[in-house]
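Visitor: okay, structure incoming, though there's no sequence with it:
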């Protein structure tokens, strides 16, 4: 309960948490329980129409009592009920005890509990999983009972597909708490903002299966950031139907109260890189801001809101890249010493292009876009094939990280100190 109280406000708006055991103590719930017990024959006839296997017997009492000895509910059977004292006589199949227990300590049979909650909370609309959408299934039977027995209109419903969980290319199936195929909202908040998850659910049609995985957090944040740019007119989008879906989903993500654009969007990929190059405190945030300004990624006026946004993205990016969900090639560990054997792993042509890059970058304005453009120019002038380009990048990652893979090269290099980068590339000449 305490955990839910912490994360729920991040994902919902005006949410009130109602615990079922508290509901059973309310007079309105007691009246519903009494009515369903009194009319249990009519209830049983309705449920048995939908219950082809193991129909409820004539002596059925729609209550699962609490065993006063072992405190279990699922192992008890109701033998008789006294509505005047509001107690139920039971036997426990687990501890073999027998006794009387207060009905409010137990539960209604689950389908009846579902419809009783509709009645007590006056539910008008309720989305539900596709397993309840089967004709003649649980929801149909509950609707008939609440309308025929309690004379209360059932809620309008809309079924949705289940949500799957994946890691890498492996789909573990639909999320299930009992099957431990799940990640918690609290875990999500370690790596991403809550509005990103809200947008994911809203943008994808409810009758289409969503597959989520914490290893794909950067992609989800990229989709949300793009929606933000499109909404504020910072990025063009031509498909009018899709545009409307993006804009409306973004509005609902913010509960139809969209805030003004803060003026800057900290790219999550940049946050992943910078978070590993600066200290984990306020000073580190300032270091990151200085690098963003120096590389002209951030050119605007620095506000408190922008500072907090950068600080938050740095924390989220650092949490994610140091987790088990991030691939190793994104984890930065700069190499101070270049091994002489590195360049010998590649052809003389690749070695020469690496040396050329060092000379070019020395005269290049130290921004991501300028570095990216110079590398494009170098590739075109040298006529590098796709295979050679792969080897070229492998050589560069070996020089700086001691690995053949790494983050996107231009933003990675731009985040580093220019003098240090040039010095590293000049060292190659001396090997």
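Guide: Everything's here; your move. As the structure is a computational prediction, the values presented were derived from the model and not from experiment.

Visitor: and the strands in the stretch 101-250 of the chain?
Guide: Here the stretch 101-250 of the chain has its strands, by DSSP state E, counting those that start in this stretch, at 107-108, 125-129, 156-160, 163-167, 170-174, 210-212.

Visitor: helix or strand right after the longest helix anywhere in the chain?
Guide: The single longest helix within the chain, with elements called by DSSP state H, is helix 304-321. Downstream of helix 304-321, the next assigned helix or strand under DSSP states H and E is helix 341-344.

Visitor: avg pLDDT for the following helix or strand past that following helix?
Guide: Downstream of helix 341-344, the first helix or strand assigned by DSSP H and E is helix 348-362. The average pLDDT for helix 348-362 rounds to 91.

Visitor: next up, the contacts around residue 86.
Guide: 30, 102-104 (CB atoms under 8 Å, 6 or more residues apart in numbering). Yep, even glycine has a C-beta here, placed from its N, CA and C like the rest.

Visitor: who wins for neighbours among those residues?
Guide: residue 103 (24 neighbours; other CB atoms under 10 Å).

Visitor: how much space separates that one from residue 429?
Guide: 86 Å (CB to CB, to the nearest Å).

Visitor: if we can go back for a sec, now, the most widely separated pair of the contacts of residue 86?
Guide: By the measure CB to CB, 30 and 102 form the most distant pair in the contacts of residue 86, at 10.6 Å.

Visitor: contacts only, for the nearest residue to residue 69 once chain neighbours are set aside.
Guide: Once flanking residues are discounted, residue 69 sits nearest to residue 97: 4.2 Å by CB to CB, 6 or more residues apart in numbering. Counting by CB under 8 Å, 6+ apart, residue 97 touches 67-70, 91.

Visitor: do the same with residue 312
Guide: Residue 312 neighbours (CB under 8 Å, 6+ apart): residue 193.

Visitor: now do it against residue 139, distance only.
Guide: Distance, residue 312 to residue 139, using CB to CB: 41 Å.

Visitor: isn't residue 123 right up against residue 155?
Guide: Yes. With contact defined as CB atoms under 8 Å, residue 123 reaches residue 155; the gap is 4.5 Å.

Visitor: so which of these two has more stuff around it?
Guide: Under the criterion of other CB under 10 Å, the comparison of residue 123 against residue 155 puts residue 155 first, with 20 against 16.

Visitor: ok, the more buried one touching residue 128?
Guide: No. With contact defined as CB under 8 Å, residue 155 does not reach residue 128; the gap is 9.5 Å.

Visitor: how much space separates residue 165 from residue 316?
Guide: Per CB to CB, residue 165 is found 20 Å from residue 316.

Visitor: err, residue 352, not the other one
Guide: Residue 352 is 41 Å from residue 316, by CB to CB.

Visitor: then residue 359?
Guide: Here the criterion is CB to CB. By it, residue 359 lies 38 Å from residue 316.

Visitor: between the two, which is the more surrounded one?
Guide: Neighbour count, other CB under 10 Å: between residue 359 and residue 316, residue 316 has more, with 23 against 13.

Visitor: so what's the more buried one up against?
Guide: 190-193, 268, 271.

Visitor: which elements pack onto the helix or strand where residue 44 lies?
Guide: Applying DSSP H and E as the criterion places residue 44 in helix 40-50. Packing partners of helix 40-50 (3 or more CB pairs under 8 Å, 6 or more residues apart in numbering; DSSP states H and E): helix 138-148.

Visitor: what mean pLDDT does the longest helix of the chain have?
Guide: Rounded mean pLDDT across helix 304-321 is 97.

Visitor: how far off centre is that helix?
Guide: The chain centre lies 17 Å from the centre of helix 304-321; the measure is CA atoms, centre = their mean, to the nearest Å.

Visitor: what does stretch 317-337 give?
Guide: Here stretch 317-337 is found 21 Å from its chain centre; the criterion is CA atoms, centre = their mean.

Visitor: cool, and stretch 193-205?
Guide: Distance, stretch centre to chain centre, for stretch 193-205: 8 Å (CA atoms, centre = their mean).

Visitor: show residues contacting it.
Guide: Contacts of stretch 193-205 (CB under 8 Å, 6+ apart): 7, 10-11, 185, 188, 210, 212, 220-221, 223-224, 227, 245-246, 249-250, 252-254, 312, 316.

Visitor: what do you get if the cut-off is 6 Å, keeping everything else the same?
Guide: Residues from elsewhere that reach stretch 193-205 (CB atoms under 6 Å, 6 or more residues apart in numbering): 10-11, 188, 210, 220-221, 224, 249, 252-253.

Visitor: mind listing what's buried in stretch 240-252?
Guide: 245-246, 249-250 (16 or more other CB atoms under 10 Å).

Visitor: no no, stretch 188-207
Guide: Neighbour-count burial for stretch 188-207, counted by 16+ other CB under 10 Å, picks out 188-189, 191-204.

Visitor: just flag the most distant two among those.
Guide: Using CB to CB, the pair of the buried residues of stretch 188-207 lying farthest apart is 189 and 204, separated by 20.5 Å.

Visitor: was I right about residue 136 contacting residue 49?
Guide: No. Counting by CB atoms under 6 Å, residue 136 does not reach residue 49; the two are 8.3 Å apart.

Visitor: quick check: residue 397 touching residue 403?
Guide: Yes. In this structure, residue 397 is within contact of residue 403 by CB under 6 Å, at 5.5 Å.

Visitor: quick one, which of those two is more surrounded?
Guide: Shown here are residue 397 and residue 403; by other CB under 10 Å, residue 397 has more neighbours (19 against 15).

Visitor: now do the SS call for that one.
Guide: Under DSSP: H, G, I helix; E, B strand; the rest coil, the three-state class of residue 397 is helix.
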